[in-house]
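Enquirer: Sharing a model that was predicted from the sequence below.
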Amino acid sequence: MSLLAPLALAWAALAGLVLLFYILRPRSLRVEVPSIYLWRGLVQREQALTLWQRLRRHLLLILQLLAILLLALVLARPERTADTVPQRHVVHLIDNSASMSVAFGASTRLDEAKAAALEQVGIVEPGDLVTVASFSSQPEVLAYQTADAAAARGAVENIEQTAAVGDPARALQLAVSLADSLPGSDVFLYTDGSFSALDVPESINTTVHFVRVGAPADNQGISAFAIRRRLDSLEAFVRVRNFSPQSVTVPLVILADGEPLERQDMALAPNGEAGASLDLVFADFPPGVSRVDAVLDHEDALAADNRTAAILMQPPVLRALLVSDAPFFLSTVFAPFPFLALDHVRPVEFRPADVYDLYIFDGWLPAELPPGNWLVFDPPFDSPLLPVSGEMVQPPLDYVAQHHELMQFVDIRDLRVARAQRLELPPWADELLGSNRGPLLFSGTRDGRRMVVFAFSLMESNLPLRTAFPVLMGNIYQWLNPYGIQETVSHLQPQDVIELGLHPHADSLVVERPDGARVSYAGRQRIAFAGTEELGVYRVVHYAGEQEIYREVFIVSLQETAETNVGSQVAGLAGSGAGTPPVDLPVFQELWRFLALIVFFILLIEWVWYHRVRT
């Protein structure tokens, strides 16, 4: 036996106080009498009550001392070691991706998975620790290493269906790493198996159990959809795929701004055969269409992939200001770019009160940062914004950030620069082109505004003569354009993360979800928006104070064939094997409740005896 709070035994010192009350002699009154013959008995009793005489046995005293000692022992929380039992860590990993919404009768695959998990949670052994997690595109731990079976059951019951694409490999890696802390642990993976072959991570302590739910189901879905403009006409590309083992004919409906435009029956061959996937192009759209929907007008096992949409947006015109004493060359460079209105002033004519979306500074910089994105060529010596420490003559090109987004498809290895300014790379910037003497081209975000800096003048390099120059300037223009130049909206998969940048003249933005919910953000930092669980159109509205200054949209739809192929299920997992036996750990049982009950009965007996003696 051991004590969890041994210092509590100090309360046993109260027994000394009780003893003190019993051994102290009461003070007698002194009286003179003529004879002591009649008082001899009293004298003998007085002598027996001398201080510190041996205590007489007294039932009340014994009961009170015993109660105090036991109460001190209760406060010290004694415990004993029971028989050892094997302890293991059981992880229940439940798939709640889009394919788990397939229903058979009144229950879905997710309902079957939750029922199977609840059955396993109900048969845990004493000492087991239970973890519950769900996964779609990301795993989520709902209960971690709990010995409370009710808490584990509640976590399983609260798992909700999502429309996201499942990533079982990442989820299983997390589950095995969680369970691996104890030998003899188990991972139960509850899924419909609507994914490609999956290898179990290597583990010395964990056994993975594959629990497949549901049966193969027939499904047809839209696996690709895009629209584009060709000259004055609009084209829509649609790919429809059959995931069923039987031939099927499904009606495809094209909507233009919500109105039916065309309906065509699609005869699809069985899955795995030629003709199981058909591509169609629709081009007969009325002028001025802003939204195109593609709908499979039928019922199948998975409704999430039967509808998708595309939105056409005319990008706003970007207002740019070129500040240069020799603007002709740079004006020619930017003339071909779409949706651009370029103004020009000389440095002495620059007024900070004139607000633009993009500022292009050539050989000159203002004293303060204006509210917009920046493109700088050949910064001057006297600017506090980009301090120049000297000059580099014919700096060699030693570094190219080939994997940076601004350098995509840019082959610039033969760059020659006659003269460049010597700059220190700011902490907010990424170096794109560099020399051993300093950066030649860098980009980054400063105070929420994007900036690209050339340390040299284009006229003092061979860059404009390179074939990669138009590509580089196009990448830079698209990156600096706060509106973007894409006419059609890209599709995201559910639970994908999209980066939202605040318009240079805005101070807040609001994301409007398809269900009408609004999420607000403020500040200049770029926002990683991950709340894309719902299918449909998301609207992003930029505000300057209370005034709306810009609106953009993005679409979330399910077009992942690995998720929508609900008719194919893997048979099992590769690599799942027996783990090591569970560890025998002792079970500790506290005794204070039993001792507290004994104290209660002792005090009850003492109370009854005291009142019996008095009466």
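Expert: Received it, and whenever you're ready, just let me know what you need.
Enquirer: give me the low-pLDDT residue ranges for the stretch 101-250 of the chain?
Expert: Along the stretch 101-250 of the chain, the model assigns pLDDT under 70 to residues 203-204, 230-232.
Enquirer: Contacts only, for L509.
Expert: L509 sits next to L500, L502, H503, S520, Y521, I527, V540, V541, H542, Y543 when contact means Cβ atoms under 8 Å, 6 or more residues apart in numbering. Every residue, glycine included, has its C-beta placed from N, CA and C.
Enquirer: one more time with 10 Å, if that's ok
Expert: Taking Cβ atoms under 10 Å, 6 or more residues apart in numbering as the contact definition, L509 lies against 500-503, 519-523, 527, 529, 540-543, 550-552.
Enquirer: Please name the nearest non-neighbouring residue to it.
Expert: Of all residues not flanking L509 in the chain, H542 sits nearest, at 4.9 Å (Cβ to Cβ, 6 or more residues apart in numbering).
Enquirer: which other helices and strands contact the one helix or strand the one you found maps to?
Expert: In this assignment (DSSP states H and E), H542 forms part of strand 536-544. For strand 536-544, the elements it packs on are strand 307-311, strand 498-500, strand 508-512, strand 518-522, strand 527-529, strand 547-556, judged by 3 or more Cβ pairs under 10 Å, 6 or more residues apart in numbering; DSSP states H and E.
Enquirer: Same list, those strands, but as JSON lines with distance to E606 and mean pLDDT please.
Expert: Shown next, in JSON lines, are these (distance: least, Cβ to Cβ, whole Å; pLDDT from 0 to 100):
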{"stretch": "strand 307-311", "distance to E606": "80", "mean pLDDT": "86"}
{"stretch": "strand 498-500", "distance to E606": "75", "mean pLDDT": "84"}
{"stretch": "strand 508-512", "distance to E606": "72", "mean pLDDT": "92"}
{"stretch": "strand 518-522", "distance to E606": "67", "mean pLDDT": "91"}
{"stretch": "strand 527-529", "distance to E606": "70", "mean pLDDT": "85"}
{"stretch": "strand 547-556", "distance to E606": "74", "mean pLDDT": "86"}
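Enquirer: Could you export the ones you listed as JSON lines, including distance to P347?
Expert: Output for those, formatted as JSON lines (distance: least, Cβ to Cβ, whole Å):
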{"stretch": "strand 307-311", "distance to P347": "42"}
{"stretch": "strand 498-500", "distance to P347": "34"}
{"stretch": "strand 508-512", "distance to P347": "33"}
{"stretch": "strand 518-522", "distance to P347": "34"}
{"stretch": "strand 527-529", "distance to P347": "35"}
{"stretch": "strand 547-556", "distance to P347": "28"}
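Enquirer: Looking at the ones you listed, which is nearest to T249?
Expert: With Cβ to Cβ as the measure, strand 307-311 is the member of those nearest T249 (18.4 Å).
Enquirer: on contacts alone, who are the packing partners of the closest one?
Expert: Here strand 307-311 touches strand 220-230, strand 233-242, strand 248-256, strand 291-296, strand 491-492, strand 536-544, strand 547-556, going by 3+ Cβ pairs under 10 Å, 6+ apart.
Enquirer: picking that back up, can you pull the pLDDT of the residue nearest to L509?
Expert: At H542, the model reports a pLDDT of 90.
Enquirer: does it really touch A522, like I thought?
Expert: No - look at H542 against A522 with Cβ atoms under 10 Å: they stay out of range, at 11.4 Å.
Enquirer: before we move on, back to that, got JSON lines for the helices and strands packed on strand 307-311, with mean neighbour count too?
Expert: Output for the helices and strands packed on strand 307-311, formatted as JSON lines (neighbours: other Cβ atoms under 10 Å):
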{"stretch": "strand 220-230", "mean neighbour count": "18"}
{"stretch": "strand 233-242", "mean neighbour count": "20"}
{"stretch": "strand 248-256", "mean neighbour count": "17"}
{"stretch": "strand 291-296", "mean neighbour count": "21"}
{"stretch": "strand 491-492", "mean neighbour count": "18"}
{"stretch": "strand 536-544", "mean neighbour count": "18"}
{"stretch": "strand 547-556", "mean neighbour count": "17"}
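Enquirer: now those as a markdown table including distance to R170?
Expert: Converted to a markdown table, the helices and strands packed on strand 307-311 look like this (distance: least, Cβ to Cβ, whole Å):
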| stretch | distance to R170 |
| --- | --- |
| strand 220-230 | 23 |
| strand 233-242 | 25 |
| strand 248-256 | 33 |
| strand 291-296 | 30 |
| strand 491-492 | 18 |
| strand 536-544 | 25 |
| strand 547-556 | 20 |
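Enquirer: Which one of those lies nearest to L321?
Expert: The closest of the helices and strands packed on strand 307-311 to L321 is strand 547-556. By Cβ to Cβ, the value is 17.8 Å.
Enquirer: okay, the angle between that closest one and strand 307-311?
Expert: Here strand 547-556 runs at an angle of 140 degrees relative to strand 307-311 (axes from the mean of the first three to the mean of the last three Cα atoms, to 10 degrees).
Enquirer: Pull up the pairing partners for strand 547-556, direction included.
Expert: Take DSSP bridges as the rule and strand 547-556 pairs in its sheet with strand 491-492 (parallel), strand 536-544 (antiparallel).
Enquirer: Can you add distance to L280 and give these back as CSV?
Expert: Output for those, formatted as CSV (distance: least, Cβ to Cβ, whole Å):
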stretch, distance to L280
strand 491-492, 18
strand 536-544, 23
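Enquirer: Kindly state which of those is positioned closest to F381.
Expert: strand 536-544 (35.1 Å).
Enquirer: okay, the closest one in CSV with CA atoms only?
Expert: Only the C-alpha atoms of strand 536-544 are listed here, as CSV (Å, rounded to 0.1, in the frame of the first residue of the first chain):
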residue,chain,number,x,y,z
GLY,A,536,-21.2,26.0,-54.2
VAL,A,537,-20.2,29.5,-55.0
TYR,A,538,-18.2,31.6,-52.4
ARG,A,539,-18.2,35.4,-52.8
VAL,A,540,-15.3,37.5,-51.5
VAL,A,541,-16.2,41.2,-50.9
HIS,A,542,-13.5,43.8,-50.2
TYR,A,543,-14.4,46.9,-48.2
ALA,A,544,-12.8,50.3,-47.5
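Enquirer: and the angle from it to strand 291-296?
Expert: Using the same axes, to 10 degrees, strand 536-544 lies at 160 degrees relative to strand 291-296.
Enquirer: could you check the angle strand 518-522 makes with strand 536-544?
Expert: Angle of strand 536-544 versus strand 518-522, following the same axes, to 10 degrees, is 40 degrees.
Enquirer: Next, the angle from strand 536-544 to strand 508-512.
Expert: Put simply, strand 536-544 runs at 160 degrees to strand 508-512, going by the same axes, to 10 degrees.
Enquirer: ok now strand 536-544, how far from the chain's centre?
Expert: Its chain's average C-alpha position is 22 Å from that of strand 536-544, according to Cα atoms, centre = their mean, to the nearest Å.
Enquirer: Would you check how far apart I605 and A301 are?
Expert: Taking Cβ to Cβ, to the nearest Å as the measure, I605 falls 73 Å from A301.
Enquirer: Okay then, goodbye and thanks.
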